[in-house]
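[1] Dropping the sequence and predicted coords here.
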Protein chains: 4
Amino acid sequence: MIIVMEPTATREQINVVVKNLENKGFRIILNEGDVMTVIAAIGDKRLVEPQSLASYEGVQNIKLIQEPYKLASRTAQQHDTIIEFDNGVKIGGNDKPVLMVGPCSVEEDYDGLLRVAEAAKEAGVYFLRGGAFKPRTSPYDFQGLEERGLKYLAKAREATGLLVVTELMDASEMDMVCHYTDVIQIGARNMQNFKLLKAVGKCGKPVILKRGAAAEVREFLLAAEHIMANGNEKVILCERGIKGIDSTFTRNTLDIAAIPVIKKYSHLPVIADPSHGTGRRYLIEPMSKAALVAGAHGLMVEVHHDPDNASSDGAQSLSIEMFKKYAENINRLIGRIDYDNHHIEAKV
Amino acid sequence: MIIVMEPTATREQINVVVKNLENKGFRIILNEGDVMTVIAAIGDKRLVEPQSLASYEGVQNIKLIQEPYKLASRTAQQHDTIIEFDNGVKIGGNDKPVLMVGPCSVEEDYDGLLRVAEAAKEAGVYFLRGGAFKPRTSPYDFQGLEERGLKYLAKAREATGLLVVTELMDASEMDMVCHYTDVIQIGARNMQNFKLLKAVGKCGKPVILKRGAAAEVREFLLAAEHIMANGNEKVILCERGIKGIDSTFTRNTLDIAAIPVIKKYSHLPVIADPSHGTGRRYLIEPMSKAALVAGAHGLMVEVHHDPDNASSDGAQSLSIEMFKKYAENINRLIGRIDYDNHHIEAKV
Amino acid sequence: MIIVMEPTATREQINVVVKNLENKGFRIILNEGDVMTVIAAIGDKRLVEPQSLASYEGVQNIKLIQEPYKLASRTAQQHDTIIEFDNGVKIGGNDKPVLMVGPCSVEEDYDGLLRVAEAAKEAGVYFLRGGAFKPRTSPYDFQGLEERGLKYLAKAREATGLLVVTELMDASEMDMVCHYTDVIQIGARNMQNFKLLKAVGKCGKPVILKRGAAAEVREFLLAAEHIMANGNEKVILCERGIKGIDSTFTRNTLDIAAIPVIKKYSHLPVIADPSHGTGRRYLIEPMSKAALVAGAHGLMVEVHHDPDNASSDGAQSLSIEMFKKYAENINRLIGRIDYDNHHIEAKV
Amino acid sequence: MIIVMEPTATREQINVVVKNLENKGFRIILNEGDVMTVIAAIGDKRLVEPQSLASYEGVQNIKLIQEPYKLASRTAQQHDTIIEFDNGVKIGGNDKPVLMVGPCSVEEDYDGLLRVAEAAKEAGVYFLRGGAFKPRTSPYDFQGLEERGLKYLAKAREATGLLVVTELMDASEMDMVCHYTDVIQIGARNMQNFKLLKAVGKCGKPVILKRGAAAEVREFLLAAEHIMANGNEKVILCERGIKGIDSTFTRNTLDIAAIPVIKKYSHLPVIADPSHGTGRRYLIEPMSKAALVAGAHGLMVEVHHDPDNASSDGAQSLSIEMFKKYAENINRLIGRIDYDNHHIEAKV
C-alpha cells in the first residue's frame, strides 16, 4: 500500500500515519521527495481498512498495490480452473467453448421449451437455460413461473439430457432451485447481493456470476471472491454488458476486452452473454464470434420458439430457425480456432 | 407507444404489428411518412411487453410515451407525500429538511455511538443512522455486528429519543430489523433486489431507497414502484452518487440535478447522502449545502466518534468535533431557505 | 417528430405548439390520450430546432423519429461505400480487411520507421501510419516532429510503396499534410472540431474519422456528415474505444458492437484501433480478432521498432518481432472468414 | 512514480526497469514484497513517458504520485488567482460570484440582444455572453452569424458597459474575436483542441475553458496547463456537465462536486454553466444555487428575449421575464453567503 501525503503535510502528521501502520504490523519505507512524502507500507492489506487511512490529516490519497481478491486471482492459482460435469462436459481452460441456450423466461408452453431444447441438442449444445424467477425493472412486467418453471426445465432435461442453468434470486429459494438445476445463475442486478453470494458459496453446484452493469473488473472478481471464500470455487464469470454512453442502438455495451483481461488476472472460466449484452437480435451473431475469438469459454444465448410473443426479451432472442443457422456458423468458427494456441496468445 | 418501422419495412410487416396491437386492445393511428411509417398505439402499456414488439420484422425501434411507473408518479398524485413520525417529525413537502447522522457501521464501542447520538441530538437532529449488516465489496472487510449492532442502536434511541435508521440486506432478516428500527434503509447495491423490495413493501415502516450507482431515474422510480405496488407507500428516495467518469478525486458523482428532477416527476420525498456521494470528508459540507438549495428533503451524513479507526468509511465520516461545526453551518443555511417559495421554484 | 405534452398541459398550450409547427410546414396528427396529448409532426426536421420546442409551456419532451444524418445514412445509400486507392487497394464492402501499421509518433530515427514499414510490407500490409503532429493531454509531453515527421513518412512510402496515413490537427496545416499523406486522420479529441471537419470536407483525400471517447453513434455519424456535407464522401469511421467504467485494466472500452451497428445504419467503411482502444499490448491481438469477426473493414495497430523507448504510447505498441507473429495470426484469421457471407450476417 | 512488477517478474526484468530509470536520472527505492516487487522512482516525471515503462516485460502497472500539471496546481501557487477587469470587476478568490448572461447564439434581432443586455445590467450583472461561431452537432443546424454577431455584441457593450464573453472555435479567427471580446470562451468540444489552446495561450485576454463532456478533472487541469504553459495565466475553468448515465431528464450531469475539488487542487477560478449542464430551463435556478453554495466563482446562464424562437438551445434559456425573477433569487442567495468563511470551508 502506498500512502501519498499532501505537499503541506507536517512531520507530525506523517509520524501519526507511520506509527499507526507499524502498530498494525506493516513494514514501512519512507520516501521523502522534494514536493511530498510517500509512505510505502509492506504487509497484508487485510489488516487495515485503506479508506480509513484516507481520513488522517495530511493524507492525499492511498494507492493499493496488491489487488484485494485472493482466491479468484491468477497469482494464487496459476493454472486455469476447469469445471467438469458428470456427463464429461468441461468449462474453462483450453476446452472447446460451450453454448447455453434457451428462452429468457420459462413459460406455460412446455412444448415450446422442449422444441428449443431439442434444437439445441441437435446443434451439439449441452446446456439449456431459462428463467423461472425473473428480476424485472417494473413490478408490472411478467415475474416468472417460479417452481412450475423449474419443473418444466427439469422435464426438458429428462427428455433431452441437457444440463439446466437457471437463476436464483433469493437465498430462501436456494434449496428449491438447487433441486432442479445443474448450474445456478446469479443475475447482474444481484452481483453485489452479498447474502445471496454467501448462500451459493455454501452450495455444491457451479455458479454463473453475471457482471453488474456498472461493476469494475475488480468489483466483479471480489463478488466471485465472496462465493469462493464461502467454500464454492466452481465460479464461472459472465460478461453481459456494461452501462454504456449510448442506449439508442444497444441496451448495454458488451465489454469484450474484459474477457482477456479477466483471463490474465483470474484463473476462473469466463463466458459472455451477447443477448443481454446488446439487446438486439442482429448483434447476437457478430458479438458471439467476437467473444469467442477474444477467448470466451462459452456463450449464453436467448432462443425462443416464438420470440414475437415471448413474455420477456423477445427482441434479443433468436427463433429456432435463426438459431439453427447461428449454431452452424458458430460451430464452424469454434472448429477453426486453435484453442491451445489461442489460450497462450490471450495470456501474452 | 410509438413504433417506428424501418424505411424498408413492407406493407405486410406493418400489418402484422398493427393486428397484434389491435388484438391486445390498443387503438392504432398510422402515420405513413415519405421515408418510414410510424405506428402510434394508444392504450395501457402494461398490456404488452414493448421489447417483444422490437423483435417483429421491420420494426426499427419503440418509443414509450407514458412512463411505466404509476404510484410513484406525480401524474398519479399531484401533492407531495409527507411522511410523519410519532414524535411529529415530517419528511417531504415544504417541511424543514431533516438530518440523519451516525457512523457507517455500528461498532463494539457503544459509548462512541452514544456520544455521536448525543451530539446529533444537541444539534437538533432527529435521526440516528448506523449499519449493523454491512454490504462490503470484499469478503475480507468488516461485515457488521448484526443483531448486536441493532441492539446498540435501540439502546441509543432509548437514551436520546432519536429515531433509528438502519439497513436491511435480506428479506429473511426483516422481522428482526423492523423490531429495532424506525426507518428501513435499502442500499444502493440492492436497489434492484426485487425480493427485498417486495418484502419491505409488506412492512409498515418507512423505507429509504438508495439509488443504484448506475441506475437511471426511471429505474430508480420503478424500484420505488416495486415497494409501493406491494403496499408500502412510505418511500423516501436517496440520491447517493452515480458511477462517474473520474474516480481519482471522488468515489462517486453526486447527481444533484436528480433532486429537482425527481421532485418534478414524483411526489415522494428525496434526500441526499453526501458522504457516499463523494467519499471525501472535505466535500461533505459543500455538497450538503448544494443538495439543500437544490431542494433535498434531508441529508444522510456519516459521523463517527473516531473516524481514523472506524471499521468502515472513515475517510468520508466527520468526527464529532467537525460535525458540530458542520451542523451549525447547515442549520444556519436551513434557517435562511424560504421553503414555501423554494418548493415552487424547484418545480417551475 | 413526436411532441409529448405534460399531463397538465392546457388546450391553449397544445394549440400554441400545433400552430407553430403548422406554420413551419409540418403536417400534424393529434393523439389525445386519457393521460396526455401526443402531437406527431410529419415533415422535414431540418425546418425546426427540436430543442426549441422543448421550451414551450406544457411540453414534456420531444422524440425524434428520423435520424438527423442524411448522407452518412444507409437509408440514403443502400450499397456500401468502397474507397479505392490508386494501387487498387480497397476499403469497405466485402473486400478483405486492411491493416494500418506503424508507430504512434514518427521519431528522429528514420531507420526505425523504415524497419517497421518493411516488416509491414512483408506481412502484406498496404498502409503505414504515424503521427507527425501529436495531440497530447499534457503540454510537457512530446508534441511530434511536425513537417520533418511528414517527410520521413513520405520517404518510407517511396522506399516501400506503402500508402501513408497521418493525423491532421488544424485546418491551417491541411495543405502541408495533404502534400505528404494518402489518407488524413482526424483524432478522437477533434471529432467535434467542426472547423477541421469542414476543412477536410473540402479536400479530396480519404479521411479516417476517429470516434470521440464519449461520442454516441449518432454524434459520430453526424461528425461524418459534417465532412460529407462539405463535399468529401470518402470517410472511414474508426472505433477506438469509449470512456468506460474501469480504467484500471484498460485505457478505454473498445465498443466492438458499434462496428455491426454502424454497418447497419451507415454505408461507410468502419475500422477499429485496438491499440488506443485498450492501451495494453497483450489485448491488441484478441481485440483485433474480435473486431474482424464482428465485421471491421480494417485495423489500425501501433508498431514500433523499440517500444520501450517510444516517445508516446509504447505500452500499446507491438515490437517488430511481436508484429510478425501478430500479422501471421491475423492474416490466418482473415483468410478463414467468408466475407461475402459474413457481410450478410452482420446486416441481418 | 511507482512501478508495480508482476508477481512473476524475473530479477532480470526488474533490473532492466531499474537501470532504465537510473539512466534517466531517477533515484530508485526497491521494495521487494513476498508477492511482488515495487519500484519507487523519485524524480521529475517529465523526464520519462510513464506509459512507455508499462511496455517493459514484467511490469504490471504504473502509479503516478505527482500530478502532471504544474502551473495550474495549488501546490505551485497557494493563493487563489483573481482575474481583474478594467472596470474593477473580479473573478476568483473570495470575491462575490459573477453572472454571465445572454443568448446561446447571437441572432439578427439586435434589439432582442440589447433588451437582454439591459435586463442583465439592471440586475447587477457585468458580463454579456453570446455565440457568433456555433459548434453544432449537425451540419444542418444554425452555425452562427460569425463576424456580424461579434459586431452586435460589441454594440451592446457600447450601449450598456457590459463586458463581452464569446466563443473562439479556430485559431485562425483569434485576432478577429479578440478585437471584439473581453473574455474568450473555449467550448467543451474543443477542450483538447491543443492548437486552439496554444493559440489562446499567446493572447492577453482572459479565457473561459469549458470542461469536456468526458474529461476527468486531471485532463481538464492539463488543458488549462496548455494555455498557461503558452503564457496566458488568466484561465477560468467552467464546469458544464459531463456525460451521465441518464439522458432522459437532463442533457448532461452537472458535476457540482468538481467545483470544490478543483478549488482544492488548483488556484484558478471556477464557474458553472447550469444551462448546458442540465439542458432544462426548470433546472437552471436550483442548479445555479447548488453551484454557488458549493463555491462557484460565477455562473454562465442562457437568457433569450424569445426562447421559443431561439436559433439554438431555447429549451435551456430563460426568457427576460424569468431572468428577472431568477436574478432576484440568485442575488438574494449571493447576499447571504459569507464568502470569506465559505472559502475556508470549501478548502477544509
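    Perfect, I can see it now.

[2] Quick check: A:Ala188 touching A:Glu239?
    No: between A:Ala188 and A:Glu239 there is no contact under Cβ atoms under 8 Å: 10.0 Å. Using the backbone N, CA and C atoms, a C-beta is placed for each residue, glycine as well.

[3] More neighbours: these two, which one.
    A:Glu239 (27 against 21; other Cβ atoms under 10 Å in any protein chain shown).

[4] what's the burial count for A:Ser172?
    For A:Ser172, the neighbour count with other Cβ under 10 Å is 15.

[5] hang on, it in a helix?
    Yes: remark: A:Ser172 belongs to a helix, assigned using DSSP: H, G, I helix; E, B strand; the rest coil.

[6] residue contacts, the residue nearest to it when sequence neighbours are not counted?
    Nearest residue to A:Ser172 in three dimensions, chain neighbours excluded: B:Ser172, at 5.9 Å (Cβ to Cβ, 6 or more residues apart in numbering or on different chains). With contact taken as Cβ atoms under 8 Å, 6 or more residues apart in numbering or on different chains, B:Ser172 is in contact with A:171-172, A:195.

[7] do stretch A:275-292 and chain D meet?
    No: Stretch A:275-292 lies out of reach of chain D by Cβ under 8 Å from any Cβ of the partner chain, never closer than 16.0 Å.

[8] End to end on that stretch, go ahead and measure it.
    End-to-end distance of stretch A:275-292 (Cα to Cα, to the nearest Å): 14 Å.

[9] before we move on, what about stretch A:180-196?
    18 Å.

[10] Okay, buried residues for it please.
    For stretch A:180-196, the neighbour count (16 or more other Cβ atoms under 10 Å in any protein chain shown) marks A:180-196 as buried.

[11] One more: stretch A:146-157?
    A:149-150, A:152-154, A:156-157.

[12] B:Phe220: which of those is nearest?
    A:Gly149 (28.5 Å; Cβ to Cβ).

[13] How about stretch A:11-27 and chain D, touching?
    No: judged by Cβ under 8 Å from any Cβ, stretch A:11-27 and chain D are separated, with a smallest distance of 8.8 Å.

[14] Contacts for that stretch next, please.
    The contact list for stretch A:11-27 (Cβ under 8 Å, 6+ apart) reads A:1, A:3, A:5, A:28, A:30, A:37, A:39, A:41-44, A:47-48, A:53, A:56-59, B:308.

[15] distance between that stretch and the chain's centre?
    Stretch A:11-27 sits 38 Å away from the centroid of its parent chain (Cα atoms, centre = their mean, to the nearest Å).

[16] for A:Glu167, what are its contacts?
    Counting by Cβ under 8 Å, 6+ apart, A:Glu167 touches A:131-135, A:184-187.

[17] Now, these that are in strands?
    A:184-186 (DSSP state E).

[18] Pipe the contacts of A:Glu167 into CSV and attach distance to chain B and pLDDT per row.
    Below are these laid out as CSV (distance: Cβ to the nearest Cβ, whole Å; pLDDT from 0 to 100):
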residue, distance to chain B, pLDDT
A:Gly131, 13, 95
A:Ala132, 14, 95
A:Phe133, 8, 92
A:Lys134, 9, 86
A:Pro135, 5, 84
A:Ile184, 15, 98
A:Gln185, 15, 98
A:Ile186, 11, 98
A:Gly187, 9, 96
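
[19] ok, of those, which one's closest to A:Lys324?
    Nearest to A:Lys324 among the contacts of A:Glu167: A:Gly131, at 22.8 Å, using Cβ to Cβ.

[20] and the closest one, how far is that from C:Ile91?
    According to Cβ to Cβ, to the nearest Å, A:Gly131 stands 43 Å off from C:Ile91.

[21] re the thing from before, now the common contact residues for A:Ala188 and A:Glu239.
    With Cβ under 8 Å, 6+ apart as the test, A:Ala188 and A:Glu239 both reach A:Arg211.

[22] the strands in chain A, which residues?
    Under DSSP E, chain A gives strands at A:2-5, A:27-32, A:37-42, A:59-63, A:83-84, A:90-91, A:98-102, A:127-129, A:163-167, A:183-186, A:207-210, A:235-239, A:270-272, A:298-302.

[23] how about the first one against chain D, any contact?
    This means strand A:2-5. Yes: residues of strand A:2-5 contacting chain D under Cβ under 8 Å from any Cβ: A:2, A:4.

[24] does chain C sit close to that strand?
    No: for a cut-off given as Cβ under 8 Å from any Cβ, strand A:2-5 has no contacts with chain C; the smallest distance is 15.1 Å.

[25] Quick check: neighbours of that strand in the sheet, parallel or antiparallel?
    In the sheet, strand A:2-5 lines up against strand A:37-42 (antiparallel), strand A:59-63 (antiparallel) (DSSP bridges).

[26] Settle this for me: A:Leu163 is touching A:Phe127, isn't it.
    Yes: the pair formed by A:Leu163 and A:Phe127 meets the contact definition of Cβ under 8 Å, at 5.1 Å.

[27] how about the helices in the stretch 101-250 of chain A?
    Using DSSP state H, counting those that start in this stretch, the helices found in the stretch 101-250 of chain A span residues A:110-122, A:147-160, A:174-180, A:194-201, A:217-229.

[28] Can you list the low-confidence ranges for the stretch 1-150 of chain A?
    Within the stretch 1-150 of chain A, the ranges that satisfy pLDDT under 70 run A:34, A:44-52, A:55, A:65-66.
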